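> Generate coordinates for the sequence data below:
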Amino acid sequence: MLLPHIVVLCLSLLWVLPASGSEFVIEEKEDIFKIQSCPAFLLFQNAAYLADMSFELPCLCKPEDVPSVVWYYQKKLGKGYTKVLSDFNGTKILDSSQIRSGSKINSRFTILMFSLVVFNAQPQDSGHYMCGSVKGDYFYGYDIDVQSYRKAHITFQDQKEQPQGDVETKTYKIFTLYWDWTVCDRCGVRAEQRRIGLCYFHSPYLYLRYKRTMHDAVSCGSAAVPYRYWPTLKKRRAEILVRSCFVQCPTRYPSVEGQMFSYDLFGYTNDKNKKIPQIPVQTHIQPISYPLTLACPGAKAEHAVAWDKGQFRLYRQEYMMGVNKSMRMYIDHGNHLVFRAFQLNDIGTYFCWKQGKMVAGIRLTIGLPPRIHRNFTDPESIFAMKTILISYFILLIIFIFIKCMKCINYYFDCF
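A predicted model of the protein is given here:
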């Protein structure tokens, strides 16, 4: 009589228990438990970014008994290519508590709440990122593609220019996936908007180990793309679209107390009787004929940033990098104002806008180049001393050789 009940009890236990080798993560958030299983076979989620951008990679799957995670990097899949991430030099860091503030490690990346944050990513940072344990067990993986903007295809819609067309064959399709338009980079005057487009590849012959953000489509630099398509994809460039726009400035402005606080924060004055500008202005002394790069405070590559020289607007349609190769002053794709060689006519105050608001000013003046005091341990000093000593020994050998030849000739002349 008890046999049927025993069979039912065993079946119920088998239904509740997880399969061997599988792990589960229980996340508690607002008294709600969410169970997420780790994949039995490691897959890589594809994601694409533009160079100089920062991105965050969350470790979406982690066993509950693992207190901290280690992030690994592989340019190519294989045991011989694995690096333990820190500053890409192989220094192991287990969690954010071991990252020293102000160090080279902290300036390259950080780990926050098991997520890896990469700052100012470059195309050489493309590859496989995996979160795992100290023992080398992998929990979750990413296939990151950082596309360069150095030779991006620039399209100005006001000039009726056309973006790159799609390339489609029977086996694949190459197209551009556009992000949303940025906000107008200025207010109250004619402004510009920018839109970034990244290269994507659609084909049914992608490698199955990589997750797709879209159906049968990954970024062009993904490892999911078969090798035979790589020469074709190298010719495809990222795209940047620019168009004009106009928005009204907000009617509310910062109070005098708020202006005084921001002005004192930059350390310019504590005298309340002086005239206070609406934005902080910093003075920079620059030598003649030296290169210079200005960055807008707090701005990132994906932000809408504009530059003005006094009342003169530096529009991207005329001053964007790549528009004219002979330009001495231009705005690069990282939103920096670049001077190839600073000249007298560049003296003035330059204002930068961020997300449609003027945020700072930089007053440029002419000065002498700073004196550089070198030590004997500096690489330049060591190189100079080596060059001098090598030249001395070469000249000494030549001198001894000439003296020996003269003595030999004198000896033969005597006999």
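> Which helix or strand in the protein has the lowest average pLDDT?
strand 24-29 (a mean of 36; mean pLDDT, DSSP states H and E).
> State which strand of this protein is the longest.
Taking DSSP state E as the criterion, the chain has its longest strand at strand 191-202.
> So what are the sheet partners of the very next helix or strand once past it and their directions?
Counting by DSSP states H and E, the next helix or strand C-terminal to strand 191-202 is strand 210-211. Sheet pairing of strand 210-211 (DSSP bridges) gives strand 44-50 (parallel).
> Using PDB, write out the CA atom coordinates for the partner strand.
Provided in PDB are the C-alpha atoms of strand 44-50 (Å, rounded to 0.1, in the frame of the first residue of the first chain):
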ATOM      1  CA  PHE A  44      29.400  35.500 -25.300                       C
ATOM      2  CA  GLN A  45      27.000  38.400 -25.600                       C
ATOM      3  CA  ASN A  46      27.900  40.800 -28.400                       C
ATOM      4  CA  ALA A  47      28.100  44.600 -27.800                       C
ATOM      5  CA  ALA A  48      29.700  47.400 -29.900                       C
ATOM      6  CA  TYR A  49      31.000  50.800 -28.800                       C
ATOM      7  CA  LEU A  50      32.800  53.700 -30.400                       C
END
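> Name the residues that touch that strand?
55, 57, 121, 128, 140-147, 149, 177, 196, 198, 200, 209-213, 218-219, 221-224, 238, 301-302, 333 (Cβ atoms under 8 Å, 6 or more residues apart in numbering). All C-beta spots, glycine's among them, are computed from the backbone N, C-alpha and C.
> Separate out the buried members of these.
With burial judged by 16 or more other Cβ atoms under 10 Å, the buried subset of the contacts of strand 44-50 is 55, 57, 121, 128, 140-147, 149, 196, 198, 200, 210-211, 218-219, 221-224, 238, 301-302, 333.
> Filter the contacts of strand 44-50 down to the ones in strands?
Going by DSSP E, the strands hold 55, 57, 128, 140-147, 177, 196, 198, 200, 210-211, 218-219 from the contacts of strand 44-50.
> Strands along the stretch 201-350 of the chain, start to end?
Using DSSP state E, counting those that start in this stretch, the strands of the stretch 201-350 of the chain run over 210-211, 217-219, 239-245, 281-286, 292-294, 305-309, 312-314, 329-331, 337-339, 348-354.
> Give the other helices and strands that the fourth one contacts.
So that's strand 281-286. strand 357-366 (3 or more Cβ pairs under 8 Å, 6 or more residues apart in numbering; DSSP states H and E).
> So for the strand it packs on, what gets flagged as buried?
Quick answer for strand 357-366 (16+ other Cβ under 10 Å): 358, 359, 360, 361, 362, 364.
> For the fifth one, give me the pLDDT.
Read that as residue 362. Looking at residue 362, its pLDDT is 93.
> So that it lines up with my notes, have the first residue be 156 from now on.
All right, first residue 156 from here; so that's residue 517.
> Near the closest residue to it other than its chain neighbours, how many other residues are there?
Distances taken as Cβ to Cβ, 6 or more residues apart in numbering place residue 505 nearest to residue 517, at 5.0 Å, with adjacent residues excluded. Using other Cβ atoms under 10 Å, residue 505 has 21 neighbouring residues.
> residues in contact with residue 505?
Contacts of residue 505 by Cβ under 8 Å, 6+ apart are 449, 462, 463, 464, 492, 516, 517, 518, 519.
> From residue 546, how far out is residue 558?
Computed as Cβ to Cβ, to the nearest Å, the residue 558 to residue 546 distance reads 19 Å.
> should've said residue 564
In terms of Cβ to Cβ, residue 564 sits 27 Å off from residue 546.
> Likewise for residue 472?
For residue 472, the distance to residue 546 - Cβ to Cβ - is 53 Å.
> Likewise for residue 362?
57 Å.
> These two - which one has more neighbours?
More neighbours surround residue 362 than the other of residue 362 and residue 546, with 13 against 10 (other Cβ under 10 Å).
> give the contact list for the nearest residue to residue 230 once chain neighbours are set aside.
Take residue 230 and drop its neighbours on the chain: the residue closest to it by Cβ to Cβ, 6+ apart is residue 282, 4.4 Å away. By Cβ under 8 Å, 6+ apart, the residues touching residue 282 are 228, 229, 230, 231, 299, 378.
> ok, now residue 378?
199, 231, 232, 282, 283, 298, 362, 365.
> ok, what's across the strand from the fifth one?
On the basis of DSSP bridges, residue 283 is bridged to residue 229, residue 298.
> So it is in contact with residue 229, correct?
Yes: judged on Cβ atoms under 8 Å, residue 283 makes contact with residue 229 at a distance of 4.3 Å.
> which other residues reach stretch 463-475?
With Cβ under 8 Å, 6+ apart, stretch 463-475 has contacts from 309, 311, 313-314, 341, 344-345, 347, 349, 397, 461-462, 478, 482, 484-486, 492, 503-508.
> Extract the CA atoms of it and return them as PDB.
What follows is stretch 463-475, C-alpha atoms only, in PDB (Å, rounded to 0.1, in the frame of the first residue of the first chain):
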ATOM      1  CA  ASP A 463      33.000  78.900 -29.400                       C
ATOM      2  CA  LYS A 464      35.800  81.400 -29.600                       C
ATOM      3  CA  GLY A 465      34.300  84.400 -28.000                       C
ATOM      4  CA  GLN A 466      31.200  85.100 -30.000                       C
ATOM      5  CA  PHE A 467      32.400  83.100 -33.000                       C
ATOM      6  CA  ARG A 468      30.800  79.600 -33.300                       C
ATOM      7  CA  LEU A 469      33.100  76.700 -34.200                       C
ATOM      8  CA  TYR A 470      30.600  74.600 -36.100                       C
ATOM      9  CA  ARG A 471      31.500  71.000 -36.900                       C
ATOM     10  CA  GLN A 472      30.500  71.500 -40.500                       C
ATOM     11  CA  GLU A 473      33.700  73.600 -40.800                       C
ATOM     12  CA  TYR A 474      35.900  72.500 -37.900                       C
ATOM     13  CA  MET A 475      35.200  68.800 -37.500                       C
END
